[in-house]
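**Student:** 3D model of this:
(one chain, ligands or ions: 1)
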Amino acid sequence: MAVIADRCPHVRVTVTDINPERIRAWNSDRLPIFEPGLEDVVRRARGRNLFFSTDVAAAIRSADLIFVSVNTPTKTFGEGAGRAADLQYWEKTAREILANSDRGKIVVEKSTLPVRTAAAMARILNSNGKGLRFQVLSNPEFLAEGTAIRDLEHPDRVLIGSEETPDGVRARRVLANLYATWVPRDRIIESNVWSAELSKLAANAFLAQRISSINTISALCERTEADIDEVARAIGTDSRIGPRFLQASVGFGGSCFKKDLLNLAYIADSYGLTEVARYWESVVRINEWQEARFVQTMVANMFNTVAGKRIALLGFAFKANTGDTRESPALAVARALIAERARLVITDPQALPNARADLADAAESVEFEDDPYAAARGAHALALLTEWDAYRRLDYRRIFDGMAKPAFVFDGRNILDHQALYDIGFNVFSIGKMPMMRV
Ligand SMILES: NC(=O)c1ccc[n+]([C@@H]2O[C@H](COP(=O)([O-])OP(=O)(O)OC[C@H]3O[C@@H](n4cnc5c(N)ncnc54)[C@H](O)[C@@H]3O)[C@@H](O)[C@H]2O)c1
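**Tutor:** Got it, this is the predicted structure:
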């Protein structure tokens, strides 16, 4: 919304949330999320044509176009628990829109939703007894955290789905015209509403599947002396495969991949497509296996016990350039190491507040440290879990000198210079490569 306000000064954008803390933060100098470039965009537009408010009803009343971006987490109760999307926030919002509207509006699904949700929402909105007509569009969001501003300013594509009726097509043109202020027309794709909804789930499923696929090959590399970076380069130069998303790692995270994969599988199951469901679920299973495998490698190589050992986790965010820790592989690794009774020291340039909240129940096993050198001091092992650039440039000789010996590095993102670390004296373990062990 901040980018829309920035690019379309003629449009008044009001962002509302039922969480007053978040709105307060959006109106302050300390935004509630870290995202490169976001502060500049907000500063340019805030108070001009971008406003943040807790008054949801007033924002609905004055709007012609309403983007609904509420959370759609995995359901934790009842039918479909652990798999289906929890649509309660979305449905509440639809009813709130209805209660506060005295004219028809265009409602845009920005949240990621199961196929056919727009149709259900249109039924709720259009059974209003006031004669108001609403159009529900699907406009899934393809931005990636960490590169969100660039992705929004220069999107690969913008996808807009609507009912294939004259009113539906008219509504999607209104939204297309808004994006066309800064997005080239040939990048704005129009479709029916179900294709748009399904495309978002399918896009995330394909991205996650590539990571799980390369991660299965990484396990084979570790057994066969093949090198995962060489294999990734060799297959990525095939123009049919392409080079991106072939980076083997400890696993994928973030709030979307797992929930969207499970949701896709649930939808497939609900249409009796069992094989389709099992196929996509296996992408999640491989990810969990890869996280577990990483910890098994650590424990097995640290003489089959990490109990009482200090282990420094470099990075806790699910990827670099974000403070977001939702479904972060680091959290899975931390929990498994805590179960092994390790003592953890966690460092991260942006994610420590979230890490503290995530591990509040394990306070006696975990320390949090802003300074990576202080985190590593006295540690038996480093586990690099987020690919922050700053971790490539640390003085690893200084770190080695302050560590317990033998000292171990487990590079869960394959970003370090493994030969240099080995030469310093570390035992080095990475993903999809043979271990470099000192005798
Ligand atoms: N985070 C991403 O990178 C990303 C990318 C693409 C799509 N999405 C999708 O966008 C949606 C939101 O994701 P998020 O990461 O921003 O979630 P989030 O949980 O960080 O934010 C959702 C916000 O909605 C607010 N909210 C809930 N009910 C409300 C209501 N009735 N009225 C007003 N506000 C309400 C919550 O208070 C919260 O602040 C999800 O469906 C997600 O799948 C997220």
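**Student:** what about the nearest residue to residue 145 once chain neighbours are set aside, which SS state?
**Tutor:** Distances taken as C-beta to C-beta, 6 or more residues apart in numbering place residue 322 nearest to residue 145, at 4.4 Å, with adjacent residues excluded. Yep, even glycine has a C-beta here, placed from its N, CA and C like the rest. Using DSSP: H, G, I helix; E, B strand; the rest coil, the structure places residue 322 in coil.
**Student:** count of neighbours near residue 322?
**Tutor:** Counted with other C-beta atoms under 10 Å, the neighbours of residue 322 add up to 24.
**Student:** okay but it is in contact with residue 146, surely?
**Tutor:** Yes: under the criterion of C-beta atoms under 8 Å, residue 322 makes contact with residue 146 at 4.7 Å.
**Student:** so who does the residue nearest the centre of the chain touch?
**Tutor:** For the chain, residue 254 is the residue whose C-alpha lies nearest the centre (C-alpha atoms, centre = their mean; 2.9 Å). Taking C-beta atoms under 8 Å, 6 or more residues apart in numbering, we find residue 254 in contact with 145, 318, 319, 324, 326, 327, 328.
**Student:** quick one: secondary structure of it?
**Tutor:** Judged by three-state DSSP, the three-state class of residue 254 is coil.
**Student:** buried residues in stretch 354-367?
**Tutor:** 354, 355, 358, 359, 365, 366 (16 or more other C-beta atoms under 10 Å).
**Student:** From one end of that stretch to the other, what's the distance?
**Tutor:** End-to-end distance of stretch 354-367 (C-alpha to C-alpha, to the nearest Å): 13 Å.
**Student:** Check whether it comes near the ligand.
**Tutor:** No: residues of stretch 354-367 contacting the ligand under C-beta under 6 Å from any ligand atom: none, with a closest distance of 11.4 Å.
**Student:** Figure out how far that stretch is from the centre of its chain.
**Tutor:** Centroid separation for stretch 354-367 versus its chain: 21 Å, with C-alpha atoms, centre = their mean, to the nearest Å.
**Student:** residues making contact with whichever strand or helix holds residue 399?
**Tutor:** Here residue 399 sits within helix 396-401, counting by DSSP states H and E. Outside helix 396-401, the residues that touch it by C-beta under 8 Å, 6+ apart are 372, 373, 376, 382, 407, 416, 420, 421, 424, 425, 426.
**Student:** Tabulate these (TSV), appending secondary structure, neighbour count and distance to the ligand.
**Tutor:** TSV is the format used below for the contacts of helix 396-401 (DSSP: H, G, I helix; E, B strand; the rest coil; neighbours: other C-beta atoms under 10 Å; distance: C-beta to the nearest ligand atom, whole Å):
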residue	secondary structure	neighbour count	distance to the ligand
372	helix	22	26
373	helix	14	32
376	helix	26	31
382	strand	29	28
407	coil	23	36
416	coil	21	27
420	helix	12	34
421	helix	22	33
424	helix	17	37
425	coil	15	40
426	coil	25	35
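**Student:** tell me the contacts of residue 263?
**Tutor:** Residues near residue 263 by C-beta under 8 Å, 6+ apart: 74, 83, 84, 85, 112, 114, 201.
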